[in-house]
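A.B. asks: can't give you the sequence, but here's the structure:
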């Protein structure tokens, strides 16, 4: 797996930005994205333990769709040991879940294997784990995008049709952000996750036929194609 050069924001600056926001707003949920280096992961964990952050949705951005690493050395351990145990919800995709569990993704061949990854992550301390199904088990062309939510209620399978579109950039991030928005509104995690999945399906459908230059475009976050 290749490593893409990243230029992360200095850790102290990240903390200063967080403090500027939480000092000025009533922040009711927080979603993390690409943190890029273990020091940033650990600092966010410190801020959470200090009570500055509300319910935490951790989207562990570790590897790009093209296979490039988006986290510097030591980052996976930092997630596992420092940040994931503090999360209300962790939302890895299949590749990220495998990395966090120290498993070769090629060995994940069934929904039961995916559930086992989710249970291992759940055992490390977060309240919920959502293994996102954008990357199918053994078949990238599956007609379904199936997410597995594990938590106090047990295992919930969230299934939807896979939308055939090139406009799918940032789908995992959008899903996690929508869940965090639901939590901020007071929705239970399970309901917020179902709501977010419905929202993302509509956003993918809305952008399905867009042509916005080369490569993968964005989803229809604002319902313009409805």
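C.D. replies: Ah, there it is. The structure displayed is predicted, hence computed values, not measured ones.
A.B. asks: mind listing the helices for the protein?
C.D. replies: Using DSSP state H, the helices assigned to the chain run over residues 11-24, 38-49, 75-78, 94-101, 111-122, 171-184, 189-206.
A.B. asks: closest to residue 147 out of those?
C.D. replies: Shortest distance between residue 147 and the helices of the chain, using Cβ to Cβ, is found for helix 189-206: 6.5 Å. C-betas here are computed from N, CA, C, even on glycine.
A.B. asks: now do the closest one against helix 171-184, angle only.
C.D. replies: Compare the direction of helix 189-206 with that of helix 171-184 by axes from the mean of the first three to the mean of the last three Cα atoms, to 10 degrees and you get 140 degrees.
A.B. asks: mean confidence for helix 189-206?
C.D. replies: The pLDDT scores in helix 189-206 average 96.
A.B. asks: separation between the most centrally placed residue in the chain and residue 23?
C.D. replies: Centroid-nearest residue in the chain: residue 59, 3.0 Å away (criterion: Cα atoms, centre = their mean). Using Cβ to Cβ, to the nearest Å, residue 59 is found at 24 Å from residue 23.
A.B. asks: take the helices of the chain and lay them out in JSON lines including mean neighbour count and distance to residue 147.
C.D. replies: JSON lines is the format used below for the helices of the chain (neighbours: other Cβ atoms under 10 Å; distance: least, Cβ to Cβ, whole Å):
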{"stretch": "helix 11-24", "mean neighbour count": "13", "distance to residue 147": "28"}
{"stretch": "helix 38-49", "mean neighbour count": "20", "distance to residue 147": "24"}
{"stretch": "helix 75-78", "mean neighbour count": "19", "distance to residue 147": "22"}
{"stretch": "helix 94-101", "mean neighbour count": "23", "distance to residue 147": "10"}
{"stretch": "helix 111-122", "mean neighbour count": "18", "distance to residue 147": "10"}
{"stretch": "helix 171-184", "mean neighbour count": "22", "distance to residue 147": "8"}
{"stretch": "helix 189-206", "mean neighbour count": "20", "distance to residue 147": "7"}
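A.B. asks: with respect to residue 162, which of those lies nearest?
C.D. replies: Checking these against residue 162 by Cβ to Cβ gives helix 189-206 as the closest, at 8.8 Å.
A.B. asks: for the closest one, name the packing helices and strands.
C.D. replies: Applying 3 or more Cβ pairs under 8 Å, 6 or more residues apart in numbering; DSSP states H and E, we find helix 189-206 packed against strand 128-131, strand 144-151, strand 154-161, helix 171-184.
A.B. asks: pairing partners for the shortest one, with directions?
C.D. replies: Spelled out, that is strand 128-131. Strand 128-131 has its sheet partners listed here by DSSP bridges as strand 89-90 (parallel), strand 144-151 (antiparallel).
A.B. asks: who's in contact with the first one?
C.D. replies: Strand 89-90 is touched from outside by 55-60, 84, 121, 126-130, 179, 183, 189, 193, with contacts defined as Cβ atoms under 8 Å, 6 or more residues apart in numbering.
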